[in-house]
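Student: Fold the following and give me the result.
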Amino acid sequence: MQEFIQITDLKKGNILGSTFIGMTTNNKIEFSNQGIAVVYGSNGAGKTTIARILSKEDGCEYSIQYKGNQYTQNQDGLFHVISDQLGRDVIAGNAREYFLGDNIKREYELRDILDTESARIYDSILISTLNGKYRISAKSSPLVKKITNSSIKSYVEVLVNKQDKGRSIDKKKFLGFVQSLARCEIAEYSESSFNFILNDFASRDSIIKKIEDVENKSIKIDQDYRLLEENTDAISMLDKYMYRSECIICDSKIDPKELIEKKKAKREEFYSSLTDITKKLLEEIILKVPLDDPLGIREAYLLAIKDGKIEKLINLRAEIDKYFEILNIELNNLFCACTSDSTIIGVSDEYETIISSKPEILEEDVSFIEEMVNENIDRKITIARDKNNNLKIYLDDTELLESSRDDLHLSTGEQNFLSLSFELLKAKNATNKIIVIDDPISSFDSIYKNKIAYSLLKVLSDRKQILLSHNTDLIRLLEHQRPGSFNLYLLNKTPGELNGFISIGKYEIDLLLRIDSIISLMRTTIVDDVIDKEYFLLSMIPFMRGYAHILGNQDAYEKLTSVMHGYLDDVVNIRDVYKEIFGLDIIVAGSSEYSAKAISNMSIVKKEIVNNSKYPLLNRTLNHSLMYLYLRLCVERKLVQKYSIDTNKYYMLTDIIMQAYKGDTPESKKGRVFLASKKTLLNEFNHFEGNMNIFQPAIDITDSALEKEKTNILNFLANT
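Tutor: Coordinates of the predicted model:
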């Protein structure tokens, strides 16, 4: 059984309308044996909207069943969408998306693991510990200067740089470095002393920094400090026992307030007499040391000032140096162990082994795209590695990925051809189950169209594809290059009509693609499926005229020409002409004689001209073809009569419009613009002189747009 998708909902605002919500009919798209379904619809039918819905643009919803699973826009994995040329960059993304092959695929998998794991090690282990435990949060952190291993220091500086966070680190060199480190044992130490030093040294007004700046030999005994200290203690004692009028030592009478003032004056005198070094030690170290100082800083300095003993200062400096040494050992051990719970070393080794073998892109489809692009845009596409072993795509000497269109100096057609070619490679490598391509050959010339159609069949040969198109060339090229390679669906969204994805049978696909098949049908079995014979004969007038021209049947050609110009009154038996051309008699109840005037006086409405369930596309196009003819006749007849136009001189519709609305008056400009802009009027498929594609009118405009255009033209003529 062939695979298919079954659609329940497609929604983007109100663009598709209610028809595509809660779908129960015409909601199945079945893939051919070769995995391709073509959804064919005119401009405005909703193809690009559907592509946007399936690509999960904001505000879009879908519900689709595929192989027993239900998918919505909130899930990943079902569709990979290639936008039309307006929504497609030249080549977007990165090189890895375009190349497939076991070694290259594994290379990028390993690179992903390396990137993810290194980021985890940097962020969760190194940066977190440096910021938290060691108070190193920036390159300018004072503790960075205390790191003695130059390599560790440089890595720390990069890691704590908030703009870098390790991104610039060469992973290979980093992993080689941490592997070269050996874990060092650390003797027991006081956590409180270690944390005090780290916290203090990281602060702006660090006591430890000031201790390092003071030479111990410069500290001398300062006897005035003892006097200063005695007066300070006395003031404290007097202040405490201010309520007593007797000395608490000798019981002699005193005036506490007066005595405090004298002591303060003395203290100022003694402080002024201190040496500069003693004052500095007091102000910057001794008086700022916290009461819970675990290093005994205050005691060591007071002892040196009062007694000249500096042994404790020497020991203090040695202890501080010891803790900075501990910091370096711990940083060594941190870097040494940072990869211990990771597989990154083994991953790196495997990656380097692959890279050293310099895997090439040998895949045939990549080579095919490269060669095809080189041959068709006359520019050199190359795929190579840069100095960091990254795969790069170049157009001549310009890197292609993410380059702006202006930088590439390509025509619009070349840009679109180039971007779509590489989009096919990306689609092939995508993990999504179904590839959706919106208008793959739109606006391409014949060479590009052929190449793209072949690429769809070759590059995406093992992928399920939904091709959205309004171009019969795509269908014809696919069938020509690989017969029976696709299933065809007609997209319609006109209220009150048969809507959804209408399956086109194999027999009608053959009619669409082969002029001999449509002519054979008109000669034989079509008579069994004609529902409205009058409308059928009238709708065939333009096609019969073109076919008569090819056959060289001048009489039939001239007769049909006379009923294709609204200003002529010749009466023609259309049944007889059909029988003459095709050898088949379409028996009509009543007269089969018509003139252009008679046709233009009819009220043409949409009907089931041929069996719609069997020939949905043919029925649609016959209705369209007849409406094109009818509107043309109405316009020509009205303008020629009203403006007395000489049809011997001005017999083409374009000339008639220009003569009717000649001049630069607002009314003339308005008339010219209105009629010349209508799809149903100045259209080569009204004539079928050279292009015998009978289905083109059905492609050119939707049913709803055609009905709207009919109303607008008839209203315009009524007011003319």
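Student: Quick check: mean pLDDT of stretch 462-476?
Tutor: Averaged over stretch 462-476, pLDDT sits at 88.
Student: which parts of it are buried?
Tutor: 463-476 (16 or more other CB atoms under 10 Å). C-beta coordinates here come from the backbone N, C-alpha and C atoms, glycine included.
Student: again, but for stretch 407-423
Tutor: 408, 410, 413-423.
Student: any chance of the residues you listed in JSON lines, plus secondary structure and pLDDT?
Tutor: JSON lines is the format used below for the buried residues of stretch 407-423 (DSSP: H, G, I helix; E, B strand; the rest coil; pLDDT from 0 to 100):
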{"residue": "L408", "secondary structure": "helix", "pLDDT": "72"}
{"residue": "L410", "secondary structure": "coil", "pLDDT": "75"}
{"residue": "G413", "secondary structure": "helix", "pLDDT": "73"}
{"residue": "E414", "secondary structure": "helix", "pLDDT": "76"}
{"residue": "Q415", "secondary structure": "helix", "pLDDT": "76"}
{"residue": "N416", "secondary structure": "helix", "pLDDT": "77"}
{"residue": "F417", "secondary structure": "helix", "pLDDT": "77"}
{"residue": "L418", "secondary structure": "helix", "pLDDT": "77"}
{"residue": "S419", "secondary structure": "helix", "pLDDT": "77"}
{"residue": "L420", "secondary structure": "helix", "pLDDT": "80"}
{"residue": "S421", "secondary structure": "helix", "pLDDT": "78"}
{"residue": "F422", "secondary structure": "helix", "pLDDT": "77"}
{"residue": "E423", "secondary structure": "helix", "pLDDT": "82"}
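Student: what's the longest strand along the chain packed up against?
Tutor: Under DSSP state E, the strand in the chain containing the largest number of residues is strand 4-12. Strand 4-12 sits against strand 28-30, helix 47-54, strand 60-66, with contacts defined as 3 or more CB pairs under 8 Å, 6 or more residues apart in numbering; DSSP states H and E.
Student: Excluding its own residues, what touches it? List them.
Tutor: Strand 4-12 has contacts (CB atoms under 8 Å, 6 or more residues apart in numbering) with 16, 20-23, 27-31, 49-50, 52-53, 57, 59-66, 434, 501.
Student: before we move on, back to that, how about JSON lines for the helices and strands packed on strand 4-12, with mean pLDDT, distance to E350 and mean neighbour count added?
Tutor: Formatted as JSON lines, the helices and strands packed on strand 4-12 follow (pLDDT from 0 to 100; distance: least, CB to CB, whole Å; neighbours: other CB atoms under 10 Å):
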{"stretch": "strand 28-30", "mean pLDDT": "96", "distance to E350": "43", "mean neighbour count": "17"}
{"stretch": "helix 47-54", "mean pLDDT": "92", "distance to E350": "37", "mean neighbour count": "23"}
{"stretch": "strand 60-66", "mean pLDDT": "95", "distance to E350": "36", "mean neighbour count": "18"}
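Student: Next up, the contacts around V289.
Tutor: By CB under 8 Å, 6+ apart, the contact list for V289 reads 207, 297-298.
Student: By neighbour count, which of those wins?
Tutor: Highest neighbour count within the contacts of V289, by other CB atoms under 10 Å: I297, with 23 neighbours.
Student: Test for you: state the pLDDT assigned to it.
Tutor: At I297, the model reports a pLDDT of 84.
Student: How much space separates the nearest residue to it once chain neighbours are set aside from L295?
Tutor: Spatial nearest neighbour of I297, excluding adjacent residues (CB to CB, 6 or more residues apart in numbering): V289 at 4.8 Å. Noted for V289: a distance of 9 Å to L295, by CB to CB, to the nearest Å.
Student: what about E157, which SS state?
Tutor: Following DSSP: H, G, I helix; E, B strand; the rest coil, E157 is assigned to helix.
Student: Just name the shakiest helix or strand of the chain by mean pLDDT.
Tutor: Every helix and strand of the chain was ranked by mean pLDDT, DSSP states H and E. The lowest is helix 223-240, at a mean of 58.
Student: what's the distance between S446 and A453?
Tutor: As for S446, its distance to A453 is 11 Å (criterion: CB to CB).
Student: higher neighbour count, these two?
Tutor: A453 (25 against 10).
Student: residues touching the more buried one, list them.
Tutor: Contacts for A453 (CB under 8 Å, 6+ apart) come out as 440-441, 474, 477-478, 481.
Student: which of the residues you listed lies closest to G590?
Tutor: Nearest to G590, judged by CB to CB, of the contacts of A453 is L474 at 42.5 Å.
Student: Sketch out the strands for the stretch 301-450 of the chain, chain order is fine.
Tutor: Counting by DSSP state E, counting those that start in this stretch, the stretch 301-450 of the chain has these strands, from start to end: 381-385, 391-395, 398-399, 434-438.
Student: Flag whichever of these has the least confidence on average.
Tutor: What stands lowest among these, in mean pLDDT terms, is strand 381-385, with a mean of 72.
Student: Give me the neighbour count for L512.
Tutor: Neighbours around L512, by other CB under 10 Å: 24.
Student: circling back to that earlier point, and the longest strand of the chain with strand 60-66, angle?
Tutor: Here the directions of strand 4-12 and strand 60-66 differ by 170 degrees (axes from the mean of the first three to the mean of the last three CA atoms, to 10 degrees).
Student: what angle sits between strand 4-12 and strand 434-438?
Tutor: Note on geometry: by the same axes, to 10 degrees, strand 4-12 and strand 434-438 are set 50 degrees apart in direction.
Student: Can I get the helix or strand that contains P542 in CSV, CA atoms only?
Tutor: For P542, the host element (DSSP states H and E) is helix 541-551. Below are the C-alpha coordinates for helix 541-551, written out as CSV (Å, rounded to 0.1, in the frame of the first residue of the first chain):
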residue,chain,number,x,y,z
ILE,A,541,-14.2,26.9,-29.8
PRO,A,542,-10.8,28.4,-29.0
PHE,A,543,-9.1,25.0,-28.8
MET,A,544,-10.7,23.8,-32.1
ARG,A,545,-9.6,27.0,-33.8
GLY,A,546,-6.0,26.4,-32.8
TYR,A,547,-6.2,22.7,-33.8
ALA,A,548,-7.8,23.6,-37.2
HIS,A,549,-4.8,26.0,-37.8
ILE,A,550,-2.4,23.2,-37.1
LEU,A,551,-4.3,20.8,-39.5
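Student: so what does that helix touch, helix or strand wise?
Tutor: Judged by 3+ CB pairs under 8 Å, 6+ apart, helix 541-551 is in contact with helix 554-562, helix 574-582, helix 616-643.
Student: Can you list the buried residues in the helix or strand following the last one?
Tutor: Spelled out, that is helix 616-643. Counting by DSSP H and E, the element after helix 616-643 in chain order, helix or strand, is helix 653-660. Within helix 653-660, the residues scored as buried using 16+ other CB under 10 Å are 653, 656-660.
Student: Show me what helix 653-660 is packed against.
Tutor: Under the contact definition 3+ CB pairs under 8 Å, 6+ apart, helix 653-660 sits against helix 616-643, helix 666-676.
Student: Can you tell me which of these is most buried?
Tutor: Highest mean neighbour count of the helices and strands packed on helix 653-660: helix 616-643, a mean of 23 (counted as mean count of other CB atoms under 10 Å).
Student: the strands in the stretch 451-600 of the chain, which residues?
Tutor: Using DSSP E, counting those that start in this stretch, the strands of the stretch 451-600 of the chain run over residues 464-469, 486-492, 500-504, 572-573, 593-594.
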